[in-house]
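**Student:** let me see the structure of the following:
(one chain, ligands or ions: 1)
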Amino acid sequence: MATTDVRMELTKEHLETGLRGVPVGFCTTSAVEADKGLFYVGQPVESIADRDPEDVVYLLLYKRWPSAEERADFDQLIKDRQHIDPSVVFSLKVLPRRGHPMKWMVNALTVMGMVNPTKDYRRQALDLIAQIPVAVAAIIRIREGWGDPIPPREDLGYMENFVHMLGIPGLSAANAQKLIRLMRVFHIVHLDHGGGNLSTFVGKAVASGKADMYESMAGAMSALAGPLHGKANQECLDFIQECVARVGPNFDAAAVAQLIRQKLANKEVVYGFGHAVLRVEDPRARVLRTLGEELCPHDTNFRMVKLLAEVGPAILKENAKIADPHPNVDSASGSLLMACGLSNPDYYTVLFGLSRVVGIAAQIVYERCEARGGKGTPIIRPKYFYSDTGTAKGEATILGSG
Ligand code: AMX
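**Tutor:** Numbering: from 1, shown residues only. Modelled structure (predicted):
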């Protein structure tokens with residue numbers, strides 16, 4: 001394990017900062033390095049984005065690439081587990097078709113946990129990784145009224161199977177191939193993101209009380225649902241579409257630059273830019289823009305994504321308080337999904353979740369089964385100082401009289 005300097009003086013200024021920069025533990029799957037980017041088990045994510053997603057899932061679980069034989073065994077392990085219990089589908093069918101699909105995902109995870117008799121985190125991680133594409137495809141089909149879930153096929157890869165199970169009505173064969181290509185890369189770049197991102201941290205925190213993998217993942221996915229976290233990909237597409245609507249489809253660099261300046265002057269968020277840790281461009285944004293050149297170079301939203309990436313950083317840099325002026329992963333993902341046939345942005349966070357389940361499950365396995373010589377990390381219990389500041393006002397607000 002790399003040497004880690006954990007010397008840090010905690011001061012009052014660290015309180016109520018969302019634990020920014022406060023060391024908590026070890027992450028054995030991935031690292032976000034402020035000046036370098038994202039690494040999975042030491043591999044720069046941009047260097048592995050074109051591999052088979054199954055290889056990268058294996059890497060995160062077992063911390064090395066599989067041999068041909070190990071990969072074949074792993075594929076079989078996934079295929080043997082990829083059917084979901086009929087009660088999961090039944091529960092989805094009776095849900096109100098309201099609310100964000102992330103609520104449906106949390107519901108599916110809860111029911112999947114009810115019918116899984118396994119108690120072992122490692123086995124539940126594999127079950128969940130195998131089943132989650134089946135569950136997400138079922139959520140989308142049922143919620144969209146496209147019909148019953150389509151069963152997985154034995155002969156297809158992980159993401160090929162997902163696109164098959166979606167069965168998007170009217171999707172041409174050419175666009176289905178584009179969507180598969182996109183989902184393979186989308187899956188890899190969203191699999192994991194260090195140990196301290198909100199959903200991962202929440203998943204590990206829930207598991208620290210020895211809740212099982214499904215309960216822990218339901219908590220993690222609730223955390224991912226927020227607009228500052230997983231839902232940012234959906235918000236970013238709204239932003240891109242709003243930019244196109246404001247400057248018209250024949251935009252140029254000057255019009256886009258003026259728009260960004262206006263937004264900053266109005267204290268509005270420039271979506272798709274900035275990061276809590278990175279201080280260089282998010283390599284995943286570059287990977288997705290390169291893929292966009294291949295899949296949808298003339299798409300209007302994608303052209304806006306590219307122009308924003310070109311002119312945005314210099315303008316955001318003028319605002320000293322913005323720590324990272326570079327495009328992030330969410331800058332491009334929604335526009336690509338839309339261009340490749342997934343036209344309802346409500347599902348983009350669920351797709352993020354489908355991928356992130358892998359990294360979170362792998363990290364939960366480490367914390368529960370391997371950390372501290374196999375004893376596992378103790379139950380999460382940070383310290384809070386009692387404060388009576390604002391209590392009276394808060395109480396009045398809760399009661400609706402303030
Ligand atoms: N547009 C406008 N203002 C921004 C900004 C942006 N893109 N990025 C940062 N700022 C502002 C912050 O709101 C904050 O303002 P405040 O001091 O008035 O509260 C100030 O600049 C300092 O913020 P920061 O230290 O640079 O960022 P952070 O760590 O607090 O937040 C993030 C990081 C991603 C939430 C922020 O950059 C942001 O809101 N970006 C736009 C939304 C977005 O694209 N989110 C997706 C992030 C990718 C991901 O993790 N999924």
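**Student:** so which residues of the stretch 201-350 of the chain form helices?
**Tutor:** Remark: helices assigned in the stretch 201-350 of the chain by DSSP state H, counting those that start in this stretch are 213-224, 232-247, 253-265, 283-295, 300-317, 330-339, 348-365.
**Student:** out of the ones you listed, which gets nearest to Ile78?
**Tutor:** Comparing the helices of the stretch 201-350 of the chain against Ile78 with Cβ to Cβ, the closest turns out to be helix 348-365 (11.2 Å). Heads up, the C-betas are built off the backbone N, CA and C, glycines and all.
**Student:** now for the closest one, which elements pack on it?
**Tutor:** Identification of packing neighbours for helix 348-365 by 3 or more Cβ pairs under 8 Å, 6 or more residues apart in numbering; DSSP states H and E yields helix 53-62, helix 101-114, helix 121-144, helix 173-190, helix 198-208, helix 213-224, helix 232-247, helix 330-339.
**Student:** and the closest residue to the ligand within the stretch 251-400 of the chain, what pLDDT?
**Tutor:** Closest contact between the stretch 251-400 of the chain and the ligand, by Cβ to the nearest ligand atom, is at Gly274 (2.1 Å). Residue-level confidence at Gly274 comes out at 95, pLDDT.
**Student:** now it. Nearest residue, chain neighbours left out?
**Tutor:** The spatial neighbour of Gly274 that comes closest, neighbours along the chain excluded (Cβ to Cβ, 6 or more residues apart in numbering), is Asp324 at 5.0 Å.
**Student:** that neighbour and Gly272 touch, don't they?
**Tutor:** No. Assessed by Cβ atoms under 8 Å, Asp324 is found out of contact with Gly272, at 11.8 Å.
**Student:** the two: who's more crowded?
**Tutor:** Neighbour tally, Asp324 and Gly272, criterion other Cβ atoms under 10 Å: the higher count belongs to Gly272, 29 against 20.
**Student:** was I right about the more buried one contacting His326?
**Tutor:** No. If you go by Cβ under 8 Å, Gly272 and His326 don't touch, sitting 9.8 Å apart.
**Student:** joint contacts of these two?
**Tutor:** Each of Ala285 lies in contact with both Gly272 and His326 under the rule Cβ atoms under 8 Å, 6 or more residues apart in numbering.
**Student:** next, work out how far apart Gly42 and Val365 are.
**Tutor:** Distance, Gly42 to Val365, using Cβ to Cβ, to the nearest Å: 19 Å.
**Student:** who has more neighbours out of the two?
**Tutor:** For Gly42 versus Val365, the count of surrounding residues by other Cβ under 10 Å is larger for Val365: 23 against 10.
**Student:** name the nearest residue to Leu166, ignoring sequence neighbours.
**Tutor:** Leaving aside its chain neighbours, Leu166 sits nearest to Ala137 (5.1 Å; criterion: Cβ to Cβ, 6+ apart).
**Student:** please apply the same query to Ala276.
**Tutor:** Counting by Cβ to Cβ, 6+ apart, the nearest residue to Ala276 once its immediate chain neighbours are dropped is Arg20, at 7.4 Å.
**Student:** tell me how many other residues crowd the one you found.
**Tutor:** Close neighbours of Arg20, defined as other Cβ under 10 Å, add up to 9.
**Student:** ok, the closest residue to Ala138 other than its chain neighbours - how many residues close by?
**Tutor:** In this structure, Ala138 finds its nearest non-sequential neighbour in Pro149, 4.0 Å apart by Cβ to Cβ, 6+ apart. Pro149 has 23 neighbours, counted by other Cβ under 10 Å.
**Student:** on that earlier part again, how about CSV for the helices of the stretch 201-350 of the chain, with mean pLDDT added?
**Tutor:** Below are those laid out as CSV (pLDDT from 0 to 100):
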stretch, mean pLDDT
helix 213-224, 98
helix 232-247, 93
helix 253-265, 94
helix 283-295, 98
helix 300-317, 97
helix 330-339, 96
helix 348-365, 98
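**Student:** what does the pLDDT read for the residue nearest to Gln131 when sequence neighbours are not counted?
**Tutor:** Nearest residue to Gln131 in three dimensions, chain neighbours excluded: Ile84, at 5.2 Å (Cβ to Cβ, 6+ apart). Confidence at Ile84, expressed as pLDDT, is 95.
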